[in-house]
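1. how would this look folded up:
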Amino acid sequence: MLSFSYPWIAWLVPLPLIAWFGLPPHAERRPGLRVPFFDRLVRLSGQQPFSGGVVTPRHAPRLVLLIVVWLLTLAALARPQWIEPPLHRDLPTRDLLVLVDLSGSMDTKDFVDASGKTVDRLTAVKQVLDDFLSRRKGDRVGVVVFGDAPFALVPFTTDLELCRTMLRDTAVGMAGPRTAFGDAIGLGIGLFAKSTVKAKTIIALTDGNDTMSKVPPTEAAGVAKDKGIVIHTVAVGDPAAAGEDKLDEAALKEIADATGGGFYRALDRAQLADIYRRLDEVETRRVDTVSFRPRRDVYWVPLAAGLALVLAAQAAMLALRLRRRRPPAVPAIAGSAR
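-> Model (predicted):
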């Protein structure tokens with residue numbers, strides 16, 4: 001579709017007519033004939049001399065050429081643009097942060113993978129989480145791992161393949177043997193500080209109680225609630241464990257309830273996969289579709305057309321003049337000799 005950035009240029013179309021009828025004609029004084037015997041010529045011709053002007057009529061082809069070139073010039077000045085078909089782009093409206101526990105207890109082998117092989121908790125978590133992240137298209141995803149202290153493994157990004165690759169490379173104990181769950185929530189809140197999206201979600205996965213945090217998890221959850229952040233907590237492992245490896249389910253439920261999230265318990269890989277399926281239903285894909293139509297300037301088309309017409313007219317006039325100046329051919333006279 002064609003549009004003009006400066007359509008008001010069309011008001012200049014009648015400008016030549018206004019100049020033609022509104023301005024006085026150009027006058028130039030010059031003698032038409034200068035001879036020393038002018039008075040005698042007047043008497044012999046019987047005509048009386050007079051002063052005045054001669055208006056040379058403009059040829060119709062030249063007038064048409066001027067009109068067309070004027071219109072093409074105005075069309076170029078109006079900046080014509082060709083509007084392309086609309087393009088649609090999906091913008092994420094949610095930031096999703098995954099908190100993954102890397103404490104020493106995640107090395108416990110009490111999960112069975114899809115092939116029936118016994119694996120540790122972290123391996124099972126990574127396998128299920130990898131499938132979960134593969135379906136998060138349209139979200140910005142970040143990853144925080146925690147042990148003795150939390151670390152931002154991947155800042156918020158739409159590159160889900162990067163998140164999955166970084167998660168595959170994690171190992172038990174790489175962040176320390178203990179659990180700083182409250183500090184991990186605090187770090188997550190800090191990562192959301194520059195977020196401008198509507199929905200903010202944390203999925204926190206741990207298999208033990210908090211043993212290392214400077215900020216209690218419940219207090220961190222209160223801050224998250226004030227920031228509009230929803231926290232879903234996933235408990236992994238045996239709830240009957242004792243000591244530092246014991247699951248603090250009450251605290252995990254309190255954190256989820258305080259922020260409007262859900263609490264989930266995963267005793268085996270099947271339950272863990274089912275949790276992520278339910279989370280996938282709760283945390284549906286949210287996007288804003290932005291449409292825009294690219295514009296391409298085509299002002300050069302009328303400009304080139306006008307230039308081509310002027311050059312063609314000049315070439316035609318030059319050819320005509322050369323033809324008129326060519327001397328006529330002298331016919332040959334044939335004779336016979338006797």
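2. am I right that T158 is in contact with R136?
-> No. In this structure, T158 is not within contact of R136 by CB atoms under 8 Å, at 9.3 Å. (Glycine included, C-beta is placed from N, CA and C.)
3. those two: who's more crowded?
-> Under the criterion of other CB atoms under 10 Å, the comparison of T158 against R136 puts R136 first, with 20 against 15.
4. how near is the more buried one to R164?
-> 10 Å (CB to CB, to the nearest Å).
5. got it, and L205?
-> Distance of L205 to R164, given as CB to CB: 15 Å.
6. could you list the low-pLDDT ranges of the protein?
-> For the chain, residues meeting the criterion pLDDT under 70 lie at 26-33, 50-58, 88-93, 138, 237-246, 268-269, 279-292, 326-338.
7. that one: helices as residue ranges?
-> 15-22, 38-45, 60-77, 121-133, 160-168, 181-191, 217-226, 249-259, 269-282, 300-325 (DSSP state H).
8. which one of those lies nearest to F111?
-> Of all these, it is helix 121-133 that lies closest to F111, at 3.7 Å by CB to CB.
9. could you report the neighbour count for M174?
-> Other residues close to M174 by other CB under 10 Å number 12.
10. contact partners of stretch 117-124?
-> Contact partners of stretch 117-124, identified using CB atoms under 8 Å, 6 or more residues apart in numbering, comprise 100, 102, 105-113, 127, 170-172, 207, 236-237, 269, 272.
11. quick one: which of L205 and R164 has more around it?
-> L205 (24 against 20).
12. what's near enough to touch that one?
-> Contacts of L205 (CB under 8 Å, 6+ apart): 98-101, 125, 129, 233-234, 236.
13. do that again at 6 Å, thanks
-> By CB atoms under 6 Å, 6 or more residues apart in numbering, the contact set of L205 is 100-101, 234.
14. which strand residues bridge it?
-> V100, V234 (DSSP bridges).
15. hmm, back to that, among the contacts of L205, which one sits closest to A199?
-> Relative to A199, the closest of the contacts of L205 is V234; by CB to CB it sits at 18.8 Å.
16. gap between that closest one and F263?
-> Taking CB to CB, one finds V234 at 8 Å from F263.
17. between the two, who's got more neighbours?
-> Neighbours were counted for V234 and for F263 using other CB under 10 Å; V234 has more, 27 against 17.
18. in contact with that one, which residues?
-> 205, 264, 275 are the contacts of V234 under CB under 6 Å, 6+ apart.
19. kindly recompute the last result at 10 Å.
-> 98-99, 101, 125, 128-129, 203-207, 252, 256, 262-266, 271-272, 275-276, 279 (CB atoms under 10 Å, 6 or more residues apart in numbering).
20. ok, back up a step: quick one: closest of the helices of the chain to P150.
-> So among the helices of the chain, helix 181-191 is nearest, using CB to CB, at 3.9 Å.
21. now do the closest one against helix 249-259, angle only.
-> Helix 181-191 runs at 20 degrees relative to helix 249-259, counting by axes from the mean of the first three to the mean of the last three CA atoms, to 10 degrees.
22. so what does helix 181-191 touch, helix or strand wise?
-> strand 94-101, strand 140-146, strand 150-157, strand 199-206, helix 217-226, strand 229-236, helix 249-259 (3 or more CB pairs under 10 Å, 6 or more residues apart in numbering; DSSP states H and E).
23. make CSV out of the ones you listed and add distance to R121.
-> CSV is the format used below for those (distance: least, CB to CB, whole Å):
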stretch, distance to R121
strand 94-101, 9
strand 140-146, 14
strand 150-157, 18
strand 199-206, 9
helix 217-226, 19
strand 229-236, 5
helix 249-259, 16
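24. re earlier: for P85, find the nearest of the helices of the chain.
-> Among these, helix 300-325 comes nearest to P85, with 19.8 Å by CB to CB.
25. elements contacting the closest one?
-> Applying 3+ CB pairs under 10 Å, 6+ apart, one finds that helix 300-325 contacts helix 60-77, strand 80-83.
26. export the ones you listed to TSV and append columns for distance to D297 and mean neighbour count.
-> What follows is the helices and strands packed on helix 300-325, written out as TSV (distance: least, CB to CB, whole Å; neighbours: other CB atoms under 10 Å):
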stretch	distance to D297	mean neighbour count
helix 60-77	10	14
strand 80-83	6	16
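27. now the ones you listed as CSV including distance to K227?
-> What follows is these, written out as CSV (distance: least, CB to CB, whole Å):
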stretch, distance to K227
helix 60-77, 53
strand 80-83, 42
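28. if we can go back for a sec, out of the helices of the chain, which is the most enclosed?
-> When you average the neighbours per residue for each of those (mean count of other CB atoms under 10 Å), helix 181-191 leads with a mean of 23.
29. and it with strand 140-146, angle?
-> Here helix 181-191 runs at an angle of 150 degrees relative to strand 140-146 (the same axes, to 10 degrees).
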